[in-house]
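> Next comes the sequence, and after it the predicted model I'd like to discuss.
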Amino acid sequence: MRIFPLGVWAVSTSGETTSFLVDAGSTRLMMDVGLNPGHSLTIHSIPLTTITHVFLSHSHSDHMQGFANLVFTRDAQQRQYGPAPRLNVIACTADLGRAQSLLEIFYPERKFDIEWTAVEPGSKVGLDDFEMTFFPTEHTVPGLGAVLARNARKLLVYTSDTAPCDAVREAAEGAHLLVGECFGTQQDFGAVAKRLKHMCAEELADLAQSAGALRVMPFHMHTPYTSMDRRTDLIDTIAANFSGEILDPVPSRPIEIDLEGVGGA
């Protein structure tokens, strides 16, 4: 299984905003879609027609704005790559409605082959050999994080945007890879992160360490960390309180998860 960090920034002036691709063979899951997912996927030579599922964590534009573009471009690429499977879109009921409204606004004349799957905290969705479960986040709008597991082993935990909270801590327990929000350091952004219900580097480190996560990949970083030196300082801040591996997502290299070694056979 591979995880592609397609977009990891908090604002679009820094680069592509939050979007990840989970490539698990016949399942290709987008976790949020950022602003321009088609371009992000094309960089990795991944046709949009191969995307089978989309999870939308919450309604803010840096996570959801690219949805209509993704659906339209995926449909158009069928002329190039052949038929695409039905797209399964997963979100809370309110955000499914918002996603449907985006399609109605931008493509009122078109019909797309989509299965709409409403979930809530505690819901479970089967994805071939994997199971996806959901937990509530603590943000300025209602949101969901997600756990992707195989044989009861947590391969990937995605926090989405959130302040530290008990639900996120519980979900992160025993994660092989924790994709965790990291708005910045407390020194740089502590006050604004608290006000806007985001998580700072020190909080991510404490969460990952107490949960026993093996690896951490920070995302939703703010503009100063486009500088390699500043991002190194950010990663060093996490490392001060987290003993596992920290992955820099900015090169957008795929992250490998060995299913035999982690998820069991």
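Yep, that arrived.

> Can I get stretch 193-202 in PDB, CA atoms only?
Presented in PDB, the C-alpha positions along stretch 193-202 are these (Å, rounded to 0.1, in the frame of the first residue of the first chain):
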ATOM      1  CA  ALA A 193      -4.000  27.500  16.300                       C
ATOM      2  CA  LYS A 194      -5.900  27.400  19.600                       C
ATOM      3  CA  ARG A 195      -8.400  30.000  18.400                       C
ATOM      4  CA  LEU A 196      -9.100  28.200  15.100                       C
ATOM      5  CA  LYS A 197      -8.900  24.700  16.600                       C
ATOM      6  CA  HIS A 198      -5.800  23.400  14.900                       C
ATOM      7  CA  MET A 199      -3.000  21.300  16.200                       C
ATOM      8  CA  CYS A 200       0.600  22.500  16.700                       C
ATOM      9  CA  ALA A 201       3.800  20.500  16.300                       C
ATOM     10  CA  GLU A 202       4.300  20.000  20.100                       C
END
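
> Show me what counts as buried in that stretch.
Of the residues in stretch 193-202, 193, 197-202 count as buried by neighbour count, 16 or more other Cβ atoms under 10 Å. For the C-beta atoms, the positions are set from N, CA and C on the backbone; glycine is no exception.

> One more: stretch 79-95?
84, 87-92, 95.

> Show me which pair in the residues you listed is furthest apart.
Greatest spatial distance among the buried residues of stretch 79-95 (Cβ to Cβ): Ala84 and Cys92, at 24.8 Å.

> In three-state terms, label Asp248 for me.
coil (DSSP: H, G, I helix; E, B strand; the rest coil).

> gap between the nearest residue to it once chain neighbours are set aside and Phe242?
In space, and not counting its chain neighbours, Asp248 is closest to Ile235: 6.3 Å by Cβ to Cβ, 6 or more residues apart in numbering. For Ile235, the distance to Phe242 equals 10 Å [Cβ to Cβ, to the nearest Å].

> just checking, what's the longest helix in the protein?
Identified as the longest helix of the chain according to DSSP state H is helix 93-106.

> on that earlier part again, among Ile235 and Phe242, which residue is more densely surrounded?
Phe242 (24 against 19; other Cβ atoms under 10 Å).

> Could you measure from the more buried one over to Glu203?
11 Å.

> Next, give phi and psi for the closest residue to Gly38 other than its chain neighbours.
Excluding its sequence neighbours, the residue lying closest to Gly38 (Cβ to Cβ, 6+ apart) is Thr73, at 4.3 Å. Taking degrees, to the nearest 10, you get phi -70, psi -40 for the backbone angles of Thr73.

> which residue ranges form the helices in this protein?
Using DSSP H, helices in the chain cover 37-43, 61-64, 67-76, 78-81, 93-106, 166-172, 186-196, 201-211, 228-239, 259-262.

> If you count contacts, what does the longest one end up packed against?
By that I understand helix 93-106. Where contact means 3 or more Cβ pairs under 8 Å, 6 or more residues apart in numbering; DSSP states H and E, helix 93-106 is packed against helix 61-64, helix 67-76, strand 87-91, strand 114-118.

> do the same with the third one
Applying 3+ Cβ pairs under 8 Å, 6+ apart, we find helix 67-76 packed against strand 27-33, helix 37-43, helix 93-106.

> hmm, try it at 6 Å
Other helices and strands packing on helix 67-76, by 3 or more Cβ pairs under 6 Å, 6 or more residues apart in numbering; DSSP states H and E, are helix 93-106.

> Work out the gap between the helix it packs on and the centre of the chain.
Distance, stretch centre to chain centre, for helix 93-106: 19 Å (Cα atoms, centre = their mean, to the nearest Å).

> Average pLDDT for that helix, rounded please.
Mean per-residue pLDDT for helix 93-106: 98.
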